[in-house]
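Engineer: 3D model of this:
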Amino acid sequence: MTGNSAKRGSTAALAGALALLGAVVPGQAFAERSTEPLSVTAEAETPTLFDDEAGGNANADDPAIWRDPEHPERSLVIGTAKEGGLRVYDLDARLVQSIPAPEAPGEGDAPGRFNNVDIVPAAGQRHGTRDLAVVSDRGRDRLRVYRIAPGARGGPLVDVTAPGVEPIFAADQEEINEERTAYGLTTWTDERSGRSYALVSGSGRTEIALVELIPTAGGEVDYRKVRSLRLPSAFRLPDGSSWSPCGEPGELPQVEGMVVDPSNGTLYAGQETVGLWRVRADLRGEPKLIDRVRGFGVPAEYDPGTDECGVSGADPGFGGEHLTADVEGLALLSESDGDGYVVASSQGDDTFVLYDREREDHNEHEATFRVAPGPGPVDGSEGCDGVAVLNAPLGEKYEDGLLVVQDGHDSPGDGGREATNFKFVDLDELTEEVDD
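Structural biologist: The predicted structure follows:
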């Protein structure tokens, strides 16, 4: 999701929401320490995607890593490309498969637009026999589900979405065309029940929905919306004033990046212009804001002429120390001893922030890093949307695991066309930097 994602939620439109959705923000900063960013190197990059490929908005956005349990060296990286659909890459970052997004249902209607992707392992599914890739279709307000079957005809991804699946947020096609649709996505399997879910956020809204994935007798996957939760859109500051993130009129501060810690069923959600939240993955319970963006509480006004927000007052000093809006992709870096980190893309300053997974008080900041240019033409990552990480051996190329990040400004570019792709980082380099 490159572009103007920081423009969400106008102050005027949100003023009336304060009484119902406002949250009190403590004056003490969440973070105790600040460090200079570490640096890791991009080892490889996927082919560049441009915003007019095949006549559509084919921008790289969000990656997921699938590990082949029998042949780890044949593992895959699956990436969304917005109106360009899905792209599947091997560990050499070469294109393996291209899947188009669904066409518009009628003249003037919105076409499919794939925003986020995540993996559901077969081992955790009820009646599951294959790993699944689940995608949020922002254009059609639906989920698309793909069976991961490298040996299958037309594979390695095969569409197994049940026919007739319903919209998640929109009431009708008109609302779909107005982009009241699915946006961010992560998956979660409840170990107690064996049921698998997608957690899906709404575009331009603070809502997160819990959606159960349901296997059909014919081998397809249907789904149903179980419940939803709304994060605050306005906040009461320690000085007694109220604040709402600036953005386009009528839009609220949305969530995109999400990830679930399976060890304790905790959902982490990045509200782009607010900060990082945690809440139970079943969406029962009270959300807790564990870190705020640096611009939290700063007055700003939307300018319709420039389609931008401009600072309109002094910084009151209530922001965090580590995240610069937008908070984008989230991932979980698990370690063998059960510890590890939550990884958050801090899009506004081209960094990635690591928080520990402990929950006694708050998730402490552990490190911040950048993805720097690698060998030859491989550049680093800027304006990152999505991030994925897998701490498991993937053959000789990535013996200690893999980090994949989106690059919102791939270079060299091509005139006025927006150029994006995905960067591959040897996970061993990151863990060594953090441990040092």
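Engineer: test my guess that G313 contacts V298.
Structural biologist: Yes. G313 lies in contact with V298 (C-beta atoms under 8 Å); the separation is 7.2 Å. C-beta: built from backbone N, CA, C; applies to glycine.
Engineer: who has more neighbours, those two?
Structural biologist: V298 (21 against 10; other C-beta atoms under 10 Å).
Engineer: state the distance from the more buried one to F169.
Structural biologist: Remark: distance between V298 and F169 (C-beta to C-beta, to the nearest Å) = 29 Å.
Engineer: and the pLDDT at G338?
Structural biologist: For G338, the model assigns a pLDDT of 69.
Engineer: which SSE is the residue nearest to S136 when sequence neighbours are not counted in?
Structural biologist: Sequence neighbours aside, L185 is the residue nearest to S136 in space, at 3.9 Å (criterion: C-beta to C-beta, 6 or more residues apart in numbering). In the assignment (DSSP states H and E), L185 maps to strand 182-189.
Engineer: given that strand, what are its sheet partners and their directions?
Structural biologist: Strand 182-189 has the following strand partners under DSSP bridges: strand 196-202 (antiparallel).
Engineer: am I right that the residue nearest to S136 is in contact with S203?
Structural biologist: No. Using C-beta under 8 Å, L185 is not in contact with S203, being 11.7 Å away.
Engineer: more neighbours, these two?
Structural biologist: In this view L185 and S203 are compared by other C-beta under 10 Å, and L185 has more residues nearby, 28 against 25.
Engineer: and the closest residue to G340 other than its chain neighbours, how many residues sit next to it?
Structural biologist: Of all residues not flanking G340 in the chain, S334 sits nearest, at 4.4 Å (C-beta to C-beta, 6+ apart). If you count neighbours by other C-beta under 10 Å, S334 ends up with 19.
Engineer: ramachandran coordinates for S334?
Structural biologist: Dihedral pair for S334: phi -90, psi 140, per degrees, to the nearest 10.
Engineer: spatially central residue in this protein, please.
Structural biologist: G257 (2.8 Å; C-alpha atoms, centre = their mean).
Engineer: tell me the contacts of T266?
Structural biologist: T266 sits next to V260, R278, V279, R280, A281, R359 when contact means C-beta atoms under 8 Å, 6 or more residues apart in numbering.
Engineer: gap between W243 and E335?
Structural biologist: Distance from W243 to E335, counting by C-beta to C-beta: 37 Å.
Engineer: contacting residues for the closest residue to G219 other than its chain neighbours?
Structural biologist: Counting by C-beta to C-beta, 6+ apart, V160 is the residue found nearest to G219 once chain neighbours are left out, at 6.5 Å. V160 sits next to L132, V145, Y146, R147, G219, E220, V221 when contact means C-beta under 8 Å, 6+ apart.
Engineer: what's the most distant pair in the residues you listed?
Structural biologist: Maximum pairwise distance among the contacts of V160 (C-beta to C-beta): 12.6 Å, between Y146 and G219.
Engineer: more neighbours: which of these two?
Structural biologist: More crowded of Y146 and G219, by other C-beta under 10 Å: Y146, with 25 against 12.
Engineer: element containing the more buried one?
Structural biologist: strand 142-148.
Engineer: ok, now E429?
Structural biologist: Short version, using DSSP H and E: E429 is in helix 427-435.
Engineer: mind listing what's buried in that helix?
Structural biologist: L427, D428, E429, L430, T431 (16 or more other C-beta atoms under 10 Å).
Engineer: which residues of the stretch 151-300 of the chain fall in helices?
Structural biologist: 173-177 (DSSP state H, counting those that start in this stretch).
Engineer: show me the shaky parts of it.
Structural biologist: Within the stretch 151-300 of the chain, no range satisfies pLDDT under 70.
Engineer: and the strands in it?
Structural biologist: For the stretch 151-300 of the chain, applying DSSP state E, counting those that start in this stretch gives strands covering 157-159, 182-189, 196-202, 207-215, 221-230, 235-236, 242-243, 255-261, 266-271, 275-280, 288-292, 300-303.
Engineer: and the fifth one, what does it pack onto?
Structural biologist: Counting contacts by 3 or more C-beta pairs under 8 Å, 6 or more residues apart in numbering; DSSP states H and E, strand 221-230 packs against strand 142-148, strand 207-215.
Engineer: could you redo the last one with a cut-off of 7 Å?
Structural biologist: strand 207-215 (3 or more C-beta pairs under 7 Å, 6 or more residues apart in numbering; DSSP states H and E).
Engineer: identify the residues contacting the strand it packs on?
Structural biologist: With contact meaning C-beta atoms under 7 Å, 6 or more residues apart in numbering, strand 207-215 is reached by 120, 127, 143, 168, 195-201, 221-230, 255, 269, 282-283.
Engineer: angle of that strand against strand 196-202?
Structural biologist: 150 degrees (axes from the mean of the first three to the mean of the last three C-alpha atoms, to 10 degrees).
Engineer: and E335, what does it touch?
Structural biologist: N391.
Engineer: if I look at it, how far off is T351?
Structural biologist: 21 Å.
Engineer: any weak-confidence spans in the stretch 1-150 of the chain?
Structural biologist: 1-35, 52-56, 123-129.
Engineer: identify the bridge partners of W66.
Structural biologist: L76.
Engineer: and it, how far from Y197?
Structural biologist: Taking C-beta to C-beta, one finds W66 at 19 Å from Y197.
Engineer: likewise G250?
Structural biologist: In terms of C-beta to C-beta, G250 sits 29 Å off from Y197.
Engineer: can you check G85 too?
Structural biologist: 24 Å.
Engineer: mind checking the end-to-end distance for stretch 380-397?
Structural biologist: End-to-end distance for stretch 380-397, by C-alpha to C-alpha, to the nearest Å: 19 Å.
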